[in-house]
Structures are given as C-alpha cells and as structure tokens.
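Novice: Give me a model of this one.
(one chain, ligands or ions: 1)
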Amino acid sequence: MTNQEERIRTAAEFIKKSKYLVTFTGAGVSVESGVPAFRGQGGLWTKYDPKVLDIDYFMKFPEKSWPVIIEIFYQYMGKAKPNAAHLILAKWEKKGLLQMIITQNIDNLHYEAGNRNIIEFHGNTRNLICLECRKIYKVDKNLLENIPPRCSVCKSILKPDFVFFGEAIPTEAYSASIQAAQKCDVLIVIGTTGEVMPANLIPGLAKNNGARIIEINPHISEHTQVVTDVFLPIKASEAMMALDEAIYSSSVE
Ligand code: APR
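Specialist: Model (predicted):
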C-alpha cells in the first residue's frame, strides 16, 4: 500500500465511524468547476485588486467595483457546474453520512449539487441588497443591465448580499458554524488557504473540541501543520472519489 492509499484508508475509516461529520469548504473545491481560486497561481487576486470588495471602497466608488464584481461573480461563477467533489458531498448527505457543510464559497455549487444542509459563511451571490432601505432583490439579467444597479424604491446603490472585506459575518451563519464546529467529531477541510478571518478559526475550534481533521488540498495551507490529522495533498475531486470508493467498497464497510 502506498503512503497515499494508506492516508485515504485512514481518512475513510474516520469518516465511516463518525457520528457527526462536517465539511468546511473554500474556493479550492470549485476550481475543477472552472471557478478560479482567490489566492495562489492563477488566483483572482493576482488579476484583480481585492479592494473592489472592500466595503469602504465599494461605498465610495460603486461604479468602479461593480464591473469587476459582475466579471468575477456573475460571469465566471454563473456558468460553473458542480464537479465530482460537490456531487459526492451531496450523495453523502443523502445517505446520512454528512451532516453539514460550512462553506466560504458564494458560488451556490453545493446547493446545485443537491446538498441542503449548508451554512454559507460569506453569504451568496443570489441576492442584492439595498444599502439604504435593505430591500432584497433576486439577481437577474435586467437588474444587472445598468451598473451600478439601484433600488427601485429609494434609488440607492445595491450591493451583492455576500460578505465584503470589512463587513461582519451574518450572525445566524456565524453561530450555526460555531455550533457545527463544536459538535462534529470529524471535519473535512477542502480547498482553503486558511488566511481569511474569522472563517479560518473553524478547523481549530473543531480540533479543540476533539474532532479529527482531514484536509484535502494540493498545497499545504495555514491549517496543515496546526490542526490536520490526515493530509491528502491532491485535488478535491480525486480525493473525494478515492474516499467515496474506500467508504462504500466492501473493504471498509
Ligand atoms: N482541490 C482542492 N484544493 C484546491 C484545488 C483543487 N482542485 N485547487 C486549488 N486548491 C486550494 C489552493 O491550494 C488553496 O489553498 O484551494 C485553496 C484556495 O484558497 P483561497 O483562494 O485563499 O480561497 P479561500 O481559502 O476559500 O478564501 C477565503 O477569501 O477573498 C476571500 O471571501 C473570499 O471566501 C473567500 C476567502
């Protein structure tokens, strides 16, 4: 058995025996769906300036932020479809193996794959919100025709209803994530550098409450040396297919 096979087997055994399995995902889980990650080679922040998503900058210069927001979040992501990693997570939820996904992603791909127990830590791209009267709009083509989009009621600027740099995490998502992290006995961390606070506190919280941490990432992250028990240094789809095979084949069942 190679080292890799051994790690897959160990991880599969942890997952199989888990009582409350949670997955914590970042941009890496969607890379194979064609959604670029934020950091690292080819990452969005090598091409764009992250200040477009800074709340203070957005409030001052919405006409500068909006075209970039459209390009990144409504063109790239709009066309993406779930990949094998998303689909296996959906299968595991249906089978009762996976209890919850905490995702930093706003691309909706876990939902599209079929998962329903999802905490969207950074919100989602589905809605826009009026910064003045807080009216919520479902995103559609017409709404994004005139940039920056404005509220039909008070004419103020609309902002995507996901979390910008400098904004607080929605209270409900935050407390649900803390609860899930404290409750899980196994946490699978997929495709995150662990550089963004406070989301990056979740693996440590789970670990401190006794959970085993399985990490899937072709590169080491901020979490790897600190909390990870089993590190699978491969792509999300490859790792998830190998785990699924190991879990549902007779050898571990
Ligand atoms: N499978 C698994 N992991 C992958 C893959 C893949 N195919 N490809 C890349 N990765 C890994 C990278 O090695 C990297 O560690 O995914 C990670 C992506 O990291 P980031 O781009 O930093 O994404 P994330 O950690 O989710 O970012 C957190 O930053 O800008 C904000 O709000 C945004 O939610 C986002 C937050």
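Novice: Have a look at this structure and report the helix or strand with the lowest mean pLDDT.
Specialist: When each helix and strand of the chain is scored by mean pLDDT, DSSP states H and E, helix 77-79 comes last, with a mean of 72.
Novice: Mind checking what helix or strand follows that helix in sequence?
Specialist: Next along the chain after helix 77-79, taking DSSP states H and E as the criterion, comes helix 84-94.
Novice: For that following helix, which helices and strands make contact with it?
Specialist: Packing partners of helix 84-94 (3 or more CB pairs under 8 Å, 6 or more residues apart in numbering; DSSP states H and E): helix 109-113, helix 236-248. C-beta: built from backbone N, CA, C; applies to glycine.
Novice: gap between the longest helix along the chain and the chain center?
Specialist: In the chain, with assignment by DSSP state H, the single longest helix is helix 3-17. How far helix 3-17 lies from its chain's middle: 23 Å, per CA atoms, centre = their mean, to the nearest Å.
Novice: what sits up against it?
Specialist: For helix 3-17, contacts defined as CB atoms under 8 Å, 6 or more residues apart in numbering pick out 1, 21, 97, 186, 188, 212, 214, 229-232, 234, 239, 242-243, 246-247, 252-253.
Novice: Are the following helix or strand past it and the ligand in contact anywhere?
Specialist: Once the chain leaves helix 3-17, the next helix or strand it forms, by DSSP H and E, is strand 21-25. No - if you take CB under 6 Å from any ligand atom as the test, strand 21-25 misses the ligand, and the best it gets is 7.6 Å.
Novice: so the longest helix of the chain versus helix 84-94, what angle?
Specialist: In terms of direction (axes from the mean of the first three to the mean of the last three CA atoms, to 10 degrees), helix 3-17 departs from helix 84-94 by 30 degrees.
Novice: Residue numbering should commence at 96 henceforth.
Specialist: Got it, the first residue is 96 from now on, which makes the last one we talked about helix 98-112.
Novice: what angle do helix 98-112 and helix 331-343 make?
Specialist: 60 degrees.
Novice: by how many degrees do helix 98-112 and strand 116-120 diverge?
Specialist: Using the same axes, to 10 degrees: helix 98-112 against strand 116-120 is 130 degrees.
Novice: Just the CA trace of helix 98-112, in CSV.
Specialist: The C-alpha trace of helix 98-112 is given here as CSV (Å, rounded to 0.1, in the frame of the first residue of the first chain):
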residue,chain,number,x,y,z
ASN,A,98,1.5,6.3,1.5
GLN,A,99,-1.3,7.9,-0.3
GLU,A,100,-3.5,4.8,-0.2
GLU,A,101,-2.8,4.4,3.5
ARG,A,102,-3.9,8.0,4.2
ILE,A,103,-7.1,7.6,2.1
ARG,A,104,-7.9,4.4,4.1
THR,A,105,-7.3,6.1,7.4
ALA,A,106,-9.4,9.1,6.4
ALA,A,107,-12.2,6.8,5.1
GLU,A,108,-12.2,4.9,8.4
PHE,A,109,-12.6,8.1,10.4
ILE,A,110,-15.4,9.3,8.1
LYS,A,111,-17.2,5.9,8.3
LYS,A,112,-17.1,5.8,12.1
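Novice: buried residues in it?
Specialist: Neighbour-count burial for helix 98-112, counted by 16 or more other CB atoms under 10 Å, picks out 102-107, 109-111.
Novice: And stretch 275-290, by the same measure?
Specialist: By 16+ other CB under 10 Å, the buried positions in stretch 275-290 come out as 275-276, 279-289.
Novice: Can you say which of the helices and strands packed on helix 179-189 is nearest to the ligand?
Specialist: Minimum separation from the ligand across these (CB to the nearest ligand atom) falls at helix 331-343, 3.5 Å.
Novice: Is the ligand within reach of that closest one?
Specialist: Yes - judged by CB under 6 Å from any ligand atom, helix 331-343 comes into contact with the ligand at Ala331.
Novice: C-alpha coordinates for that helix, CSV please?
Specialist: Below are the C-alpha coordinates for helix 331-343, written out as CSV (Å, rounded to 0.1, in the frame of the first residue of the first chain):
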residue,chain,number,x,y,z
ALA,A,331,-10.7,17.8,-4.3
SER,A,332,-12.4,15.5,-6.9
GLU,A,333,-9.6,13.0,-6.9
ALA,A,334,-9.6,12.8,-3.1
MET,A,335,-13.4,12.7,-2.8
MET,A,336,-13.7,9.9,-5.4
ALA,A,337,-11.0,7.9,-3.6
LEU,A,338,-12.7,8.4,-0.2
ASP,A,339,-16.1,7.5,-1.6
GLU,A,340,-14.7,4.3,-3.2
ALA,A,341,-13.0,3.4,0.1
ILE,A,342,-16.1,4.1,2.2
TYR,A,343,-18.6,2.3,0.0
